[in-house]
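*Asks:* Give me a model of this one.
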Amino acid sequence: MKDQKEEIPKRFRIPDGLWEKIQRLLPPQQAKPQGGRPRNNDRRMMEAIVYVLKTGVQWKALPRSIAAGSSAHDRFQEWNTAGVFQKLWRAGLLEYEKIVGIDWKWQAMDAAIIKAPLRGCANRFKPHR
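*Replies:* Predicted coordinates:
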């Protein structure tokens, strides 16, 4: 049988060094009192989440060779609730600060607010025409 990891394109795989850092931020697994199916591999689920975030594919359209979309989405929700992604963002900023440096005294926020293209006056239905 093929190793499932082969099915994930290389650009979506998490390098070992990064995985060690991510793994420390994950919450401990909860024991299932009634047993059931074994929990999916955490690294596999994180790679599936990275795939969805990088490609923009819907969870249900996630290739089955990578992971079941519902399983990956459930894990995403679990880790989001546990604050894993906020911790990961913070750890990344702190590491970048150590290596390159961040001028914490100066920050800027950028945002764009635009009207929906089909809701504007120019595209509105005009019954008199």
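
*Asks:* Where do the helices of the protein begin and end?
*Replies:* Under the criterion DSSP state H, helices of the chain are mapped to 16-25, 42-55, 69-81, 84-99.

*Asks:* tell me the mean pLDDT for the last one?
*Replies:* Okay, so that is helix 84-99. For helix 84-99, mean pLDDT rounds to 94.

*Asks:* angle of that helix against helix 69-81?
*Replies:* Per axes from the mean of the first three to the mean of the last three Cα atoms, to 10 degrees, the angle that helix 84-99 makes with helix 69-81 is 60 degrees.

*Asks:* Over to the first one?
*Replies:* If you take the same axes, to 10 degrees, helix 16-25 sits at 60 degrees to helix 69-81.

*Asks:* picking that back up, can you say which of the helices of the chain is nearest to P9?
*Replies:* Checking the helices of the chain against P9 by Cβ to Cβ gives helix 42-55 as the closest, at 8.1 Å. Every C-beta, even on glycine, is put in place using the N, C-alpha and C of the backbone.

*Asks:* For this protein, give me the ranges with low pLDDT.
*Replies:* 1-6, 114-126, 129 (pLDDT under 70).

*Asks:* and the gap between the residue nearest the centre of it and I113?
*Replies:* With distances taken as Cα atoms, centre = their mean, the residue of the chain nearest its centroid is I49 (4.4 Å). Distance of I49 to I113, given as Cβ to Cβ, to the nearest Å: 29 Å.

*Asks:* R75 now?
*Replies:* Distance from R75 to I113, counting by Cβ to Cβ: 33 Å.
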